[in-house]
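Student: Sequence isn't available, so here's the structure alone:
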């Protein structure tokens, strides 16, 4: 069995099992935890509270005007590399082919964008990730609240991104080995995903929505 | 191995290729054109042609023993379609093909006798070409000829060979014979023979000019530069994808989604239809087939990756090179069910603990 076969075969299978198991474990355990009993009088209907939840989800995804000067740069870098990652993963042709095969769908409508553009986005994304890493290291507060989880997650992300760019540009050795390194690092990311801060991908929007919903219900500004 | 070393062997009295060409009236210009063709095939710089021609002229016409094992004759069929050099010029001018099941007139004991005689005469100097995988299970009983297993025949023939050329993916890596579940325990030549120079020329079949070019190159300058899979780098140094004329469509993100859609008709990239060009090293995109007429991707079908080890077991031929290589028989669903169960149990335990703690707090408050 070649290393590429291993990465596309048993390792990917194992990583997917761990990913599905871990994500459902974390989600179900939070959902079934229940809510604290609200002792405040309901000020609005549940429907209107839900609208408040949606508004809060949007509001909290944008820098607060009061702190704009201090946070705009960090948020811009964060948004930049997140958008880059999504673009690469969702409309990069080899990735689209991967998802279609993984989910067993034909989806001829699924768009792809030219690999030249994806290459530029990839390089810019890595650059933004690097800025975010340096900032995390240099910023006294960010540095203090960073732990193994943050650094390890970043390391895996770098491995996935850099190996992907190397595969596209044909550098770092034979294509099949670099491709195997790329898929292996993605498999490690899948395995680590549920147990680290990457779970924010699942938690972030529901938690913002629920916070906004509860505030709206109590008549509080969110 | 240098030409001068080979000339010091016991059969050094044989005519050189140059002498044979002179006798057959092959002029200097024609010979140089022939050499230029070979060097161009191998992507050598034009300045190398003269040196190559000189070395080839000085080389002795070697004995070649062509041993077929667990094979389909496809590689030999391919070899007969070589145009530069042609099979005729190869076997009449460049080499002395002294044994080949399919091409020779002799059969049975006479053929075996001829082989042994040729081997004895050129012991230590002949080139052994192997075609087909070698079955090893049950002491190699799955493949035998003239009362001997292929394993024994290979050992015997390899012992007196100066070098071995394994043609076809089967002789190189086991190929189709070694495909899962490999019932005969098929392996390639290099899995058995460890003490001889081995050149792999894989493919299913290999490109004819790559086979003949490798042989002629060996005669002129010995074992060529090989990659980690023992393939000549001159022919197997680049991926199909790197040299493919459809590559620009890959770069533009234009992919055929089916074999009869607009993209396929416009010659767009076949990546999504399972083309293995990105992971396959071969010269199909540059040398092409049938005298440079066309090649599979030009004919509209993706590359099958036939020059790579285990190409038969790399998933479906119509799935992309990044596709999954596992069959999930409910393990992911079981993982999901286990995740839900563990999550529910964790939530239950947390709620109980919460209740217990709040009960204690109420008690303390009331007391």
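Tutor: Good, I have the coordinates. Because the structure is predicted, anything quoted here is derived from the model rather than measured.
Student: Break chain B into its domains for me.
Tutor: Segmentation of chain B into domains, based on automatic domain parsing, reads B:3-236, B:240-313.
Student: Can the shortest one be said to contact chain A?
Tutor: Yes - Domain B:240-313 comes into contact with chain A (C-beta under 8 Å from any C-beta of the partner chain), by way of B:241-242, B:250-253, B:255, B:257-258, B:271-272, B:278-279, B:309-310, B:313. (Each C-beta comes from the backbone N, C-alpha and C, glycine too.)
Student: of those, buried ones?
Tutor: Listed as buried from the residues of domain B:240-313 next to chain A are B:241, B:250-253, B:255, B:257, B:271-272, B:278-279, B:309-310, B:313; burial here means 16 or more other C-beta atoms under 10 Å in any protein chain shown.
Student: where does chain A have low pLDDT?
Tutor: Counting by pLDDT under 70, the ranges of chain A that qualify are A:222.
Student: repeat for chain B
Tutor: For chain B, residues meeting the criterion pLDDT under 70 lie at B:1-13, B:42-43, B:84-85, B:92.
Student: Following element in sequence after whatever helix or strand residue A:69 lives in, please.
Tutor: Secondary structure assigned from DSSP states H and E places residue A:69 in helix A:68-91. Using DSSP H and E, the next helix or strand after helix A:68-91 towards the C-terminus is helix A:93-103.
Student: Contacts for that following helix, please.
Tutor: For helix A:93-103, contacts defined as C-beta atoms under 8 Å, 6 or more residues apart in numbering or on different chains pick out A:88-90, A:106-107, A:110, A:112-113, A:115, A:118, B:250, B:253, B:255, B:271-272, B:319-320, B:322-324.
Student: Could I have the buried ones of those as PyMOL selection syntax?
Tutor: Buried residues among these (16+ other C-beta under 10 Å), as a PyMOL selection:
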select buried, (chain A and resi 88+112+113+115+118) or (chain B and resi 250+253+255+271+272+319+320+322+323+324)
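Student: how about the helices in chain A?
Tutor: Secondary structure of chain A (DSSP state H): helices at A:3-8, A:10-31, A:46-59, A:68-91, A:93-103, A:115-138, A:140-145, A:148-169, A:175-192, A:200-218.
Student: got the ones you listed as a markdown table, with distance to residue B:87 columns?
Tutor: Putting the helices of chain A into a markdown table (distance: least, C-beta to C-beta, whole Å) gives the following:
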| stretch | distance to residue B:87 |
| --- | --- |
| helix A:3-8 | 36 |
| helix A:10-31 | 45 |
| helix A:46-59 | 73 |
| helix A:68-91 | 50 |
| helix A:93-103 | 41 |
| helix A:115-138 | 42 |
| helix A:140-145 | 71 |
| helix A:148-169 | 40 |
| helix A:175-192 | 33 |
| helix A:200-218 | 61 |
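Student: Run the angle between the helix holding residue A:69 and helix A:115-138 for me.
Tutor: The directions of helix A:68-91 and helix A:115-138 differ by 140 degrees, with axes from the mean of the first three to the mean of the last three C-alpha atoms, to 10 degrees as the criterion.
Student: Need the buried ones among the residues of domain B:240-313 next to chain A in TSV (columns: distance to residue A:59).
Tutor: Output for those, formatted as TSV (distance: C-beta to C-beta, whole Å):
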residue	distance to residue A:59
B:241	47
B:250	42
B:251	41
B:252	40
B:253	36
B:255	40
B:257	41
B:271	42
B:272	41
B:278	45
B:279	48
B:309	57
B:310	55
B:313	54
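Student: I'd like the domains of chain B as a markdown table, with distance to residue A:187 appended.
Tutor: Below are those laid out as a markdown table (distance: least, C-beta to C-beta, whole Å):
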| stretch | distance to residue A:187 |
| --- | --- |
| domain B:3-236 | 22 |
| domain B:240-313 | 18 |
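Student: Show me what the helix ranked longest in chain B is packed against.
Tutor: Using DSSP H to define each element, chain B has its longest helix at helix B:331-366. Packed against helix B:331-366 by the contact rule (3 or more C-beta pairs under 8 Å, 6 or more residues apart in numbering or on different chains; DSSP states H and E) you find helix A:10-31.
Student: mind listing what the residue nearest the centre of chain B touches?
Tutor: Per C-alpha atoms, centre = their mean, the C-alpha nearest to the average position across chain B is that of residue B:202, at 1.6 Å. Contact analysis of residue B:202 by C-beta under 8 Å, 6+ apart lists B:166, B:168-169, B:172-173, B:175, B:229, B:231, B:236, B:306-309.
Student: Okay, and which of those residues map to strands?
Tutor: residue B:166 (DSSP state E).
Student: Out of the contacts of residue B:202, which end up buried?
Tutor: Listed as buried from the contacts of residue B:202 are B:166, B:168-169, B:172-173, B:175, B:229, B:231, B:236, B:306-309; burial here means 16+ other C-beta under 10 Å.
Student: Among these, which pair sits farthest apart?
Tutor: The two members of the buried ones among the contacts of residue B:202 with the most space between them (C-beta to C-beta) are B:175 and B:236, at 15.4 Å.
Student: Contacts only, for residue B:351.
Tutor: A:32-34.
Student: closest to residue B:63 out of the helices of chain A?
Tutor: Shortest distance between residue B:63 and the helices of chain A, using C-beta to C-beta, is found for helix A:175-192: 37.6 Å.
Student: what's next to that closest one, contact-wise?
Tutor: Defining contact as C-beta under 8 Å, 6+ apart, one finds that helix A:175-192 is touched by A:2-4, A:6-8, A:11-12, A:14-16, A:18-19, A:152-153, A:156-157, A:159-160, A:163-164, A:166-167, A:171-172, A:198, B:239, B:241, B:278-279, B:321-322.
Student: returning to that earlier point: starting at the chain centroid, how far to the longest helix of chain B?
Tutor: In terms of C-alpha atoms, centre = their mean, to the nearest Å, the centre of helix B:331-366 is set 59 Å apart from its chain centre.
Student: rewinding a little: in PyMOL, select just the buried ones from the contacts of helix A:175-192.
Tutor: In PyMOL, a selection of the buried entries from the contacts of helix A:175-192 looks like this (16+ other C-beta under 10 Å):
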select buried, (chain A and resi 2+4+6+7+8+11+12+14+15+16+18+19+153+156+157+159+160+163+164+166+167+198) or (chain B and resi 239+241+278+279+321+322)
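Student: buried ones in the longest helix of chain B?
Tutor: For helix B:331-366, a neighbour-count test (16+ other C-beta under 10 Å) marks B:332, B:335-336, B:339-340, B:342-344, B:346-347 as buried.
Student: Equivalent analysis for stretch B:214-226, please.
Tutor: Using 16+ other C-beta under 10 Å as the test for burial, stretch B:214-226 gives B:214-224, B:226.
Student: In helices, which of those residues fall?
Tutor: B:214-221.
Student: Can you give me the neighbour number for residue 146?
Tutor: Since no chain was named, I'll use chain A. 15 (other C-beta atoms under 10 Å in any protein chain shown).
Student: oops, chain B please
Tutor: Neighbour tally, residue B:146, other C-beta under 10 Å: 11.
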